[in-house]
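*Asks:* Predicted structure and sequence below. I'll ask about it afterward.
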Amino acid sequence: MRKVLFIAVCIPVVAGLGWLYFHERQLTDYGPAYHEYAYITNGKSNTVSVIDLRTFQPAKTVKVGSEPTGVAANSKKNEIYVVNTGSNNLSVIDAERNAVIATIGVHGKPYFIDVSADGRRGYVANSGSANVSVIDLEKRVVISNIRVGAAPGLARVSPDGATVVVSNRGDNTISLIDAGRLMVRNTIPVCQQPEDVAILPDSGKAFVACAASGQVASIDLKNNKLLALLDVGKTPVHLALKPDGGELMVSNFDSDNISIIETTTDEVGGSYLIGTHPARGIVTADNSRLYVSNFGSNTVAVYDIDIGKMIATLPVGSHPDGLALSQSQNYLLVLNSGSGDVTVIQKRTPKKKFEPGEYSLLTMIPVGVQPNNIVVKSFVLAKPPSK
């Protein structure tokens, strides 16, 4: 009898706590002129899913080229750029209408695009043709194709717009492109299979993750030289830089940990277990939290940078990969490549005694087949949208 009574009491308590944990909070109304969207490239659907982050509802599915992979937003105009690996071109999406307004041809097997801080140029590394396409985003034309090393994976432009760092996976080098003269000013041998690139806010130094050698290369961009090869974990696949540039977070896929690099001294400050096969990381705007997608354990880890400790592990969908934060920083978007959806996690301040914590699942939104990248764009229309 006591057991039955205990169960009868516990069930509504547990249900109540569950409701508190998963209850969808009322969303802020910014008015009709404010827009905020997430754009997700669906590699096997040849589409981009658009999610309205004011309501966390699907807004539109945009048809693009074949095998879309990289996606980037222009900070100066309401445009989104989608790299189509299978069709060797770039789709330009008008974010106000969420429609493709131009298609720009590049060269063989592009994967990513980076946009200069002034919004005028885009840089696409073409892995199949060993060059970088430089795109005038105002005129929407390719103005140069610059020869670099073998199988370039990524072209990253410095914040000052002066240098483009290209990781050449095929010959273990990086190419430094002078963005003003549109030519390679130096080629530097680094470590094995360089891939991801991060550049400090002052544009003085770049870091390159080398997946095959478990190292990160530090590059002096002012003097065009290799400064150091830093040993991290196995298969470093992603670099997440704090907005203040002081520390670099390295996701070591096959070590199940992250390494933290002090960018000023080029020292590995420590390594921390984070989850199975960490794939990508993102740091909040206030430099306080790191979120890491654990591809192998279907979770997101929350690492508190200030105290140097993992404080939460959050369940998400299958094979989480890409990450993005809303403009308010209160919502984390987790792209689940295996289950074809986006998990939305809400960060909040618990107000009631029995609320379990500051993170809760808000919703899960279906997208397309094999989603691979995500970007967020927010803007205010000068004129309210016409009916």
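*Replies:* Structure received. Residues are numbered from 1 along each chain as shown.
*Asks:* Looks to me like residue 227 is in a strand.
*Replies:* Yes. The assignment for residue 227 (DSSP: H, G, I helix; E, B strand; the rest coil) places it in a strand.
*Asks:* ok, residue 297 - contacts?
*Replies:* Residues in contact with residue 297 (CB atoms under 8 Å, 6 or more residues apart in numbering) are 275-277. All C-beta atoms are positioned from the backbone trio N, CA, C, and that covers glycine.
*Asks:* among the residues you listed, who's most crowded?
*Replies:* Neighbour counts for the contacts of residue 297 peak at residue 275, which has 23 neighbours (criterion: other CB atoms under 10 Å).
*Asks:* I figured that residue hits residue 256, correct?
*Replies:* Yes. With contacts defined as CB atoms under 8 Å, residue 275 counts as touching residue 256 at a distance of 6.4 Å.
*Asks:* quick check, nearest of the contacts of residue 297 to residue 289?
*Replies:* The nearest member of the contacts of residue 297 to residue 289, counting by CB to CB, is residue 275 at 15.3 Å.
*Asks:* For the closest one, give its distance to residue 77.
*Replies:* Remark: distance between residue 275 and residue 77 (CB to CB, to the nearest Å) = 37 Å.
*Asks:* Other residues contacting stretch 188-197?
*Replies:* 153-154, 156, 165, 167-169, 172-174, 176, 206-213, 215-217, 219, 224-226, 229, 236-239.
*Asks:* got the buried residues for that stretch?
*Replies:* Across stretch 188-197, burial judged by 16 or more other CB atoms under 10 Å covers 188, 190-191, 193-197.
*Asks:* can you pull out the strands in the stretch 1-150 of the chain?
*Replies:* Assigned by DSSP state E, counting those that start in this stretch, the strands in the stretch 1-150 of the chain fall at 34-42, 47-52, 57-63, 68-73, 79-84, 89-94, 99-105, 110-115, 121-126, 131-136, 141-147.
*Asks:* Between those strands, which one is closest to residue 294.
*Replies:* Ranking the strands of the stretch 1-150 of the chain by proximity to residue 294 (CB to CB) places strand 34-42 first, at 19.3 Å.
*Asks:* Could you name the helices and strands sitting against the closest one?
*Replies:* With contacts taken as 3 or more CB pairs under 8 Å, 6 or more residues apart in numbering; DSSP states H and E, strand 34-42 sits against strand 47-52, strand 68-73, strand 79-84, strand 371-380.
*Asks:* Compute the inter-axis angle for that strand and strand 68-73.
*Replies:* Per axes from the mean of the first three to the mean of the last three CA atoms, to 10 degrees, the angle that strand 34-42 makes with strand 68-73 is 160 degrees.
*Asks:* roughly how far out does strand 34-42 sit from the chain middle?
*Replies:* Distance of strand 34-42 from its chain centroid, counting by CA atoms, centre = their mean, to the nearest Å, is 13 Å.
*Asks:* Walk me through which strands it pairs with, and which way each runs.
*Replies:* Paired with strand 34-42 in the same sheet, following DSSP bridges, are strand 47-52 (antiparallel), strand 371-380 (antiparallel).
*Asks:* Tell me which of the strands of the stretch 1-150 of the chain is the most buried.
*Replies:* strand 121-126 (a mean of 26; mean count of other CB atoms under 10 Å).
*Asks:* can I get the CA coordinates of it in PDB?
*Replies:* Only the C-alpha atoms of strand 121-126 are listed here, as PDB (Å, rounded to 0.1, in the frame of the first residue of the first chain):
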ATOM      1  CA  ARG A 121      34.200  40.000 -51.300                       C
ATOM      2  CA  GLY A 122      33.700  36.200 -51.000                       C
ATOM      3  CA  TYR A 123      36.500  33.600 -51.100                       C
ATOM      4  CA  VAL A 124      35.900  30.000 -52.100                       C
ATOM      5  CA  ALA A 125      38.600  27.300 -52.000                       C
ATOM      6  CA  ASN A 126      38.100  24.900 -54.900                       C
END
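*Asks:* For it, which helices and strands make contact with it?
*Replies:* Partner elements for strand 121-126 (3+ CB pairs under 8 Å, 6+ apart): strand 110-115, strand 131-136, strand 152-157, strand 163-168.
*Asks:* Using JSON lines, lay out those together with distance to residue 285 and mean pLDDT.
*Replies:* Converted to JSON lines, those look like this (distance: least, CB to CB, whole Å; pLDDT from 0 to 100):
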{"stretch": "strand 110-115", "distance to residue 285": "19", "mean pLDDT": "97"}
{"stretch": "strand 131-136", "distance to residue 285": "28", "mean pLDDT": "98"}
{"stretch": "strand 152-157", "distance to residue 285": "20", "mean pLDDT": "97"}
{"stretch": "strand 163-168", "distance to residue 285": "23", "mean pLDDT": "98"}
